[in-house]
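Novice: Can you look at this prediction? I've put the sequence above it.
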Amino acid sequence: MTLKKTHAVALCAALLAGGCSFADDALFPAPGTAPAGRGGAAPGQSGATVGEAVSVTPGSATGTYVGVKVAALRNDLQGLQTTLGRQNQALQQIRGETVQDSQHYHGTVAAINARLQLGTTPGNPILAQQWNAAQSELDRISDDVLKMNRLANDVTASSTMAGYLLESVRAARLLSGAVDEDHRQLSVLEDETNRTVVMVERLLTELTDDAARQQQYVASEKQNLNTLALGIKNGALFGGSLATTASNAAAFEPAPAPTPVRSAFTVGDPPLVIIRFDKPNVSYEGALYAAVKSALDRRPNAVFDVVAVSPETGNPAQHTLAASNARRNAEAVLRSLAAMNMPANRVRLSTGSSATASTNGEVQVFVR
């Protein structure tokens, strides 16, 4: 990222006129100090990141105007190196905090899954409390991502400064009144500034990659938490979000083929699952999840038709009432699929009728 050209010119002029100043930032620990993670533990560094700082070679005064500028540029490079070290330390601290937050989150989710796997009551309040804790822990990981993004802005400023400092060192060669020693020191300073530019770009790349990776992780886990909430509601373990295809296929016994539904999308196709609403509070979500999950494991690009099927018997008024009930039930099935994080563009709703449909109607789900 770069500033506008006018900013670049102004900054280069300031560098040549009197050098840049780098204020200490209390947010970052002093170089060489191990950052403390949450709970007082010092997290280990992850990845090479910047590595050892580039040493700035001292130079002797030449008594020329150019020599004074060389000394100022050398001080600016040392200041940039100090800032870069602090930013590197800050990244390591955020990484350590993210590791701890992730461990807490996965521990809580694992406890919920273990209890659901053994079996529990629907809407278990203890699991609901644990789910809320997992949500809070995931929010902390989101906060870590925000810290990464804020740090990325600071490192971007350092990257911009490094580029301008390099241009200023090169521009100093064009100043008149220099002696050979001035140009020798400028050559050394240019090499060290070049290496600093590489270091700051490496830090920015790692930081950007870390932030993007954690953002994707948080988005995926939010979907999994939605599915987990549905499992707690039913007192049964569902598994991962339907938005991502799992590696292990869910066991499912296909439903028997009924009389074909008269629908433009499903004529003659056997349904993936049939949900008969022949009693109040039909518990269908576990079987629905297993069926759809199994289909997605076999065909990751599968699309689903949810068909509200009403019976063909009775008078016109009864037909209308049955069709309305069937559609209401189909919409409930759609909401259940949404809670399982099925993408909306992968499901569509239609209606139909069948001579074998139950009195209160049924919902048939087709895969294509």
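Specialist: That came through, no problem. Residues are numbered from 1 along each chain as shown.

Novice: In the stretch 1-150 of the chain, what residue spans correspond to helices?
Specialist: Counting by DSSP state H, counting those that start in this stretch, the stretch 1-150 of the chain forms helices over residues 5-18, 65-118, 125-172, given from the N-terminal end onward.

Novice: mind putting the ones you listed in CSV, mean neighbour count included?
Specialist: The way it works is simple: take the backbone N, C-alpha and C, and place the C-beta from them, glycine included. Below are the helices of the stretch 1-150 of the chain laid out as CSV (neighbours: other C-beta atoms under 10 Å):
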stretch, mean neighbour count
helix 5-18, 14
helix 65-118, 19
helix 125-172, 18
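
Novice: of all the ones you listed, which lies closest to Ser350?
Specialist: Taking C-beta to C-beta as the criterion, Ser350 comes closest to helix 65-118 out of the helices of the stretch 1-150 of the chain, the separation being 33.1 Å.

Novice: what packs against the closest one?
Specialist: Counting contacts by 3 or more C-beta pairs under 8 Å, 6 or more residues apart in numbering; DSSP states H and E, the secondary-structure elements packed against helix 65-118 are helix 5-18, helix 125-172, helix 180-234.

Novice: tell me the angle that helix makes with helix 125-172.
Specialist: Computed by axes from the mean of the first three to the mean of the last three C-alpha atoms, to 10 degrees, the angle separating helix 65-118 from helix 125-172 equals 160 degrees.

Novice: distance between helix 65-118 and the chain's centre?
Specialist: A distance of 17 Å separates the C-alpha centroid of helix 65-118 from that of its chain, computed with C-alpha atoms, centre = their mean, to the nearest Å.

Novice: pLDDT of it, averaged?
Specialist: The predicted model assigns helix 65-118 a mean pLDDT of 93.

Novice: Disregarding residues adjacent in the polypeptide, which is nearest to Ala134?
Specialist: Thr108 (4.3 Å; C-beta to C-beta, 6 or more residues apart in numbering).

Novice: Distance of the one you found relative to Ala133?
Specialist: Separation of Thr108 from Ala133 (C-beta to C-beta, to the nearest Å): 5 Å.

Novice: likewise His106?
Specialist: Distance check for His106 against Ala133: by C-beta to C-beta, it reads 12 Å.

Novice: and for those two, which residues touch both?
Specialist: Both His106 and Ala133 lack any common contact, where contact means C-beta atoms under 8 Å, 6 or more residues apart in numbering.

Novice: Distance check, Ile275 against Gly231.
Specialist: Going from Ile275 to Gly231 by C-beta to C-beta gives 18 Å.

Novice: List the contacts of the residue nearest to Asp154 when sequence neighbours are not counted.
Specialist: The spatial neighbour of Asp154 that comes closest, neighbours along the chain excluded (C-beta to C-beta, 6+ apart), is Gln87 at 6.0 Å. Gln87 is in contact with Phe28, Leu151, Asp154, Val155, Ser158, Leu203, counting by C-beta under 8 Å, 6+ apart.

Novice: which one in the residues you listed is the model shakiest on?
Specialist: Of all those, the one the model is least sure of by pLDDT is Phe28, with 32.

Novice: Low-confidence bits of the stretch 251-368 of the chain, can you list those?
Specialist: Flagging of the stretch 251-368 of the chain using pLDDT under 70 yields the residue ranges 251-268, 359.
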